[in-house]
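In: 3D, please:
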Amino acid sequence: MKKEGNQKAESGQSRKEEADNLSGYVSGHLRNYVTYMLGQGYEFSAVEGCLLHYGYKKKQLGTILTGLEKKHHVSNKSYKAEELDKETFYYLRAIIAEYIKKQLDHGYSAKDIRAALINYGHDAGLVKDAFGFVGKTARFGAPLGIVFFLSLVLLAGFVFMLGATLGEGPAVVLVAFLPAFITITIIYGLLSIGKLKKIRKLLPILALMIVIVVYMALITRLGGSNMDFGIILALNAAAAFMLSLLMVLFSKG
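Out: So this is what the prediction gives:
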């Protein structure tokens with residue numbers, strides 16, 4: 001029961017953070033959008049009415065758009081209501097989709113993001129459309145576990161080929177590259193932590209630091225080996241960096 005209570009509390013905290021992030025993000029974008037549309041000659045009431053149509057509340061818009069009704073620019077061009085509706089739809093979908101992608105990268109769940117968007121006032125159909133748009137434009141990637149397994153296979157293949165080339169026994173070469181194996185396993189663990197996704201681009205650099213520390217801790221002497229220790233460290237570092245980069249770039253995890 002206590003564990004269940006903690007999970008509910010964490011979920012509630014996550015949704016509160018999501019709501020706070022969304023409020024600031026949407027407010028700025030909507031104000032800029034309305035300012036632009038008024039500059040194009042649309043009536044303030046028409047733009048406001050269109051936003052109300054897409055789920056925003058009158059009180060909510062009143063706070064965001066305070067003072068903008070005075071910035072209307074009279075235009076000789078006649079705009080049709082359907083043009084305004086179409087422009088507003090595509091603009092709102094774009095900013096919602098951008099927000100969804102950013103929050104997913106920051107580790108928030110799709111469920112919490114969707115709930116925050118709808119609770120804020122966005123039309124449920126528009127939110128669904130934005131999620132679909134994000135799905136269509138999502139970058140290529142495979143599940144993190146598969147990319148990690150592929151990284152291990154690539155490293156193992158490289159190690160055995162190197163051993164065969166240098167005439168070293170498999171056990172000796174595996175020990176020599178143990179720092180690289182340990183490092184990419186650590187990076188895999190860090191990538192699996194949702195909240196750390198915001199620093200995922202820095203993980204290959206972190207891998208270089210980790211592999212050096214592990215190397216210094218574990219590889220003090222390689223008995224009977226003809227391999228130079230400096231070269232071993234350089235190869236470990238290169239392998240750890242490249243395979244960590246592989247996991248960062250090509251995994252969905």
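In: so which strand or helix has the residue nearest to Ala124 when sequence neighbours are not counted?
Out: Taking Cβ to Cβ, 6 or more residues apart in numbering as the measure, Ala124 lies nearest to Ile118, with 5.6 Å between them; neighbours along the chain are not counted. Quick note: C-beta positions are derived from backbone N, CA and C, even for glycine. Taking DSSP states H and E as the definition, Ile118 sits inside helix 110-120.
In: And that helix, what does it pack against?
Out: Judged by 3 or more Cβ pairs under 8 Å, 6 or more residues apart in numbering; DSSP states H and E, the packing partners of helix 110-120 are helix 2-39, helix 81-105, helix 124-137.
In: sorry, back to before: gap between the residue nearest to Ala124 and Val153?
Out: When Cβ to Cβ, to the nearest Å is the yardstick, Ile118 and Val153 sit 43 Å from each other.
In: Neighbour count for those two, which is higher?
Out: Ranked by neighbour count (other Cβ atoms under 10 Å), Ile118 and Val153 place Ile118 first, with 15 against 10.
In: Look up how far Arg200 lies from that one.
Out: The value you get for Ile118 to Arg200, if Cβ to Cβ is used, is 28 Å.
In: got it, and Gly145?
Out: 16 Å.
In: So for these two, which residue has more residues nearby?
Out: Of the pair Gly145 and Arg200, Arg200 is the one with more neighbours under other Cβ under 10 Å, namely 20 against 12.
In: how near is the nearest residue to the more buried one once chain neighbours are set aside to Ala130?
Out: Of all residues beyond its chain neighbours, the one nearest Arg200 is Val248 (5.3 Å), with distances taken as Cβ to Cβ, 6+ apart. When distance is defined by Cβ to Cβ, Val248 is 26 Å away from Ala130.
In: So which of the two has more stuff around it?
Out: Summary of the neighbour comparison: Val248 and Ala130, criterion other Cβ under 10 Å, with Ala130 having more neighbours (24 against 20).
In: who's in contact with that one?
Out: If a contact means Cβ atoms under 8 Å, 6 or more residues apart in numbering, then Ala130 has Arg93, Ile96, Ala97, Ile100, Leu117 as its contacts.
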